[in-house]
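In: 3D model of this:
(chains A, B, C and D)
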2 protein chains.
Amino acid sequence: MNKEVSYPQDEPNFNVALALSLVIFGFDGIDFQVLTVPSSYSPFKGALILPSKYLTEKDELLLSARKLFEGIVGEQNEITIEQLRAFGGVYRHPNGRVVNVPHYALVKKVDFRNSKWLEFGLKWYPVKMVPDLAYDHNEVVEYALERLKRRVKRRPVGFHLLSEEFTLGQLQNLYESALGKKFDRRNFRKKLFNTTLIIDLEKAADGIEKGQKKGSKLYKFNSAEYDKMKIQGYDFLF
Amino acid sequence: MNKEVSYPQDEPNFNVALALSLVIFGFDGIDFQVLTVPSSYSPFKGALILPSKYLTEKDELLLSARKLFEGIVGEQNEITIEQLRAFGGVYRHPNGRVVNVPHYALVKKVDFRNSKWLEFGLKWYPVKMVPDLAYDHNEVVEYALERLKRRVKRRPVGFHLLSEEFTLGQLQNLYESALGKKFDRRNFRKKLFNTTLIIDLEKAADGIEKGQKKGSKLYKFNSAEYDKMKIQGYDFLF
DNA sequence: TCAAAAGTGTTCGGGATACACCCATGT
DNA sequence: ACATGGGTGTATCCCGAACACTTTTGA
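Out: Residues are numbered from 1 along each chain as shown, chains lettered A, B, ... in the order given. Below is the predicted model of the structure:
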């Protein structure tokens, strides 16, 4: 019997530690941002990293990701969080191997306004200007960006990134920033209004929130329609 | 300082073992198949599983997947193999936790003809008739199928699944089987011939290979075009 | 006054879809 | 003879892309 094709073949080696990092994407109305934090432990104390923690033997992956997320962002009604993949290639701890299972998450940046997250040293960087991070976290961010791009193409993800009321300019910025290309304003609007996802609030923006120009119309998402799409599958494509 | 957001926070716990499974997809000219094998170790000795092995501390994920793959399928010129994600939820070994990092791979079933894989008990099952597997391997197969579907939609993946010479009927079966819907034959051909991916061999099939009807035309893929697409990105969509 | 974003319709072309008949093969 | 799959062309529709001018706001 060939051991290469059997499972379990001999005995497992319990010499691996699990770490979990979060790539938290925010959108400020103009650009996408990623959340970073300075590491407070060796071997990269002080260096910037993604918010991360080690898992214990009992921690479920997704649940731990949610917990870590909520520890940072606070409670949020609709959480978008998803595993990226296992990264096992880079970091070796003196005592053994560490495998990182990063997840990515989307937040409405407005949710941060009343949080104390500044005291931890958390800091947003625009995705095009992410500084050097420790471990392989830059690679993780790159990978997460690819995932984000695919997701934005296939799902009306603005829901989870814009505040309750937003302008079409902000939404268009979101798509252009995520997909790295420009859209014609008229065609963009036409496409949106052909769906039933957008509701005209018949109000004008005051221009205070970033990316909103005073006087432009405000919209909100139609969550009933969105939920319907979740069930029926998405015919939505950018 | 909040431990929830620091990395590394305290010390890692080296009590996890890594396993790696393969979801090997084949296409027999009519339907997609998945490769299974009986487990030869406890705790599920004899039960069907995906081909799998434990990793040692030094094994790279993708490299190990390739090695396992080649141990089963043999050398193959163009290997398509990709990590799915970490599955950490189900199986607990008495000595600690096992995290499985399954990968999926595509093979041309014709490659198996001269291999001795039968002696390991390897067996194909059509994806719609996969029996109960041990651990969480059924869940892994489901996840892999979703990934396969997305990949088939975006890339001319038939390359890695059909033998050198194939009929359009086989190719259409491949798309219909992967995406779970029927295509109009004329439209399907039109779409293919609008690309430059398909080369007419001006030969007729002898009807021996499964899915080939005697007398129908044979084609091959244009690998130069395919490589070009790999670099420039894909405008190919089904 | 100037620059930057918001708002608004029409035209064109290409790709997706729908659709029917004859032929070759193997039963 | 019959059933199954292969091969072929045309008409229609919808979506995406291209394109310009006026207004409001804030610097």
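In: if I pick A:Phe238, what's in contact with it?
Out: Taking C-beta atoms under 8 Å, 6 or more residues apart in numbering or on different chains, we find A:Phe238 in contact with A:152-153, A:175, A:179, A:191. Every C-beta, even on glycine, is put in place using the N, C-alpha and C of the backbone.
In: Would you map out the domains in chain A?
Out: As recorded under automatic domain parsing, the domains making up chain A are A:16-147, A:162-232.
In: which helices and strands does the helix ranked longest in chain A pack with?
Out: Criterion DSSP state H: the longest helix present in chain A is helix A:137-154. With contacts taken as 3 or more C-beta pairs under 8 Å, 6 or more residues apart in numbering or on different chains; DSSP states H and E, helix A:137-154 sits against strand A:16-27, strand A:103-107, helix A:168-179.
In: Give me the phi and psi for A:Asp59.
Out: phi -70, psi 120 (degrees, to the nearest 10).
In: That one and chain B: what is the separation?
Out: According to C-beta to the nearest C-beta, to the nearest Å, A:Asp59 and chain B sit 8 Å apart.
In: Next: A:Glu75.
Out: Counting by C-beta to the nearest C-beta, the gap from A:Glu75 to chain B is 14 Å.
In: What separation do you get for that residue and A:Leu148?
Out: Distance from A:Glu75 to A:Leu148, counting by C-beta to C-beta, to the nearest Å: 23 Å.
In: And the two? Which one has more around it.
Out: Neighbour totals were compared for A:Glu75 and A:Leu148, and A:Leu148 leads with 21 against 8 (other C-beta atoms under 10 Å in any protein chain shown).
In: To B:Arg85, which of the domains of chain A lies closest?
Out: Evaluated over the domains of chain A, closeness to B:Arg85 peaks at domain A:16-147, with 5.0 Å, by C-beta to C-beta.
In: other SSEs contacting the helix or strand containing A:Phe193?
Out: Element membership for A:Phe193 (DSSP states H and E) is helix A:185-194. Helices and strands touching helix A:185-194, by 3+ C-beta pairs under 8 Å, 6+ apart, are helix A:168-179.
In: Next SSE downstream of the strand or helix carrying A:Leu68?
Out: Using DSSP H and E, A:Leu68 sits within helix A:61-73. Heading C-terminal from helix A:61-73, the first helix or strand you meet, by DSSP H and E, is strand A:80-83.
In: Can you give the distance of that following strand from its chain's centre?
Out: Centre-to-centre, strand A:80-83 and its host chain are 7 Å apart (C-alpha atoms, centre = their mean, to the nearest Å).
In: now do stretch A:34-50
Out: Chain-centre distance of stretch A:34-50: 18 Å, with C-alpha atoms, centre = their mean.
In: So which bits of the helix holding A:Leu68 are buried?
Out: Across helix A:61-73, burial judged by 16 or more other C-beta atoms under 10 Å in any protein chain shown covers A:61-62, A:64-66, A:68-69, A:71-73.
In: Ok, stretch A:36-50 next?
Out: A:36-41, A:44, A:47-50.
In: want to throw those into a markdown table with pLDDT and distance to A:Val140?
Out: Converted to a markdown table, the buried residues of stretch A:36-50 look like this (pLDDT from 0 to 100; distance: C-beta to C-beta, whole Å):
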| residue | pLDDT | distance to A:Val140 |
| --- | --- | --- |
| A:Thr36 | 95 | 12 |
| A:Val37 | 93 | 14 |
| A:Pro38 | 93 | 17 |
| A:Ser39 | 90 | 14 |
| A:Ser40 | 84 | 19 |
| A:Tyr41 | 80 | 18 |
| A:Phe44 | 85 | 14 |
| A:Ala47 | 94 | 14 |
| A:Leu48 | 96 | 13 |
| A:Ile49 | 95 | 10 |
| A:Leu50 | 96 | 6 |
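In: May I ask which two of these are separated the most?
Out: By the measure C-beta to C-beta, A:Thr36 and A:Tyr41 form the most distant pair in the buried residues of stretch A:36-50, at 15.5 Å.
In: Count the residues that sit near the residue of chain A found nearest DNA strand C.
Out: Per C-beta to the nearest atom of the strand, A:Gly169 is where chain A lies closest to DNA strand C, at 2.0 Å. Neighbour count for A:Gly169, taken as other C-beta under 10 Å: 18.
In: wait, doesn't it sit right on A:Lys214?
Out: No: the pair A:Gly169 and A:Lys214 does not pass the contact test of C-beta atoms under 8 Å, sitting 11.4 Å apart.
In: Which SSE is immediately downstream of the lowest-mean-pLDDT helix or strand in chain A?
Out: Ranking every helix and strand in chain A by mean pLDDT, DSSP states H and E puts strand A:92-93 at the bottom, with a mean of 70. Next in sequence after strand A:92-93, counting helices and strands by DSSP H and E, comes strand A:96-100.
In: Tell me which other helices or strands that next one touches.
Out: Applying 3+ C-beta pairs under 8 Å, 6+ apart, we find strand A:96-100 packed against strand A:16-27, strand B:16-27.
In: how about a cut-off of 7 Å?
Out: Under the contact criterion of 3 or more C-beta pairs under 7 Å, 6 or more residues apart in numbering or on different chains; DSSP states H and E, strand A:96-100 touches strand A:16-27.
In: same for the strand it packs on, what does it pack against?
Out: When contacts are defined as 3+ C-beta pairs under 7 Å, 6+ apart, strand A:16-27 sits against strand A:32-38, strand A:52-54, helix A:61-73, strand A:96-100, strand A:103-107, helix A:137-154, strand B:16-27.
In: could you give the mean pLDDT of the third one?
Out: The average pLDDT within helix A:61-73 is 93.
In: which ones are touching the residue of chain A closest to DNA strand C?
Out: A:211, A:213, A:216 (C-beta atoms under 7 Å, 6 or more residues apart in numbering or on different chains).
In: just A:Ser163 next, same as before
Out: Residues in contact with A:Ser163 (C-beta under 7 Å, 6+ apart) are A:108, A:110, A:209.
In: Could you turn the buried ones of those into a PyMOL selection?
Out: Of the contacts of A:Ser163, the buried ones can be selected in PyMOL as follows, counting by 16+ other C-beta under 10 Å:
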select buried, chain A and resi 108+209
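In: can you count the residues close to the closest residue to A:Leu171 other than its chain neighbours?
Out: Nearest residue to A:Leu171, sequence neighbours excluded (C-beta to C-beta, 6 or more residues apart in numbering or on different chains): A:Gly158, at 5.4 Å. Look at A:Gly158: counted by other C-beta under 10 Å, it has 21 neighbours.
In: Show me the contact partners of the longest helix of chain A.
Out: Under the criterion C-beta under 7 Å, 6+ apart, residues A:21, A:23, A:25, A:34, A:49-50, A:84, A:87, A:102, A:104, A:127, A:130, A:132, A:157, A:175, A:178-179, A:234, A:236-238 lie in contact with helix A:137-154.
In: Can you give me the buried ones in that helix?
Out: Judged by neighbour count using 16+ other C-beta under 10 Å, the buried positions of helix A:137-154 are A:137, A:140-141, A:143-145, A:147-148, A:152.
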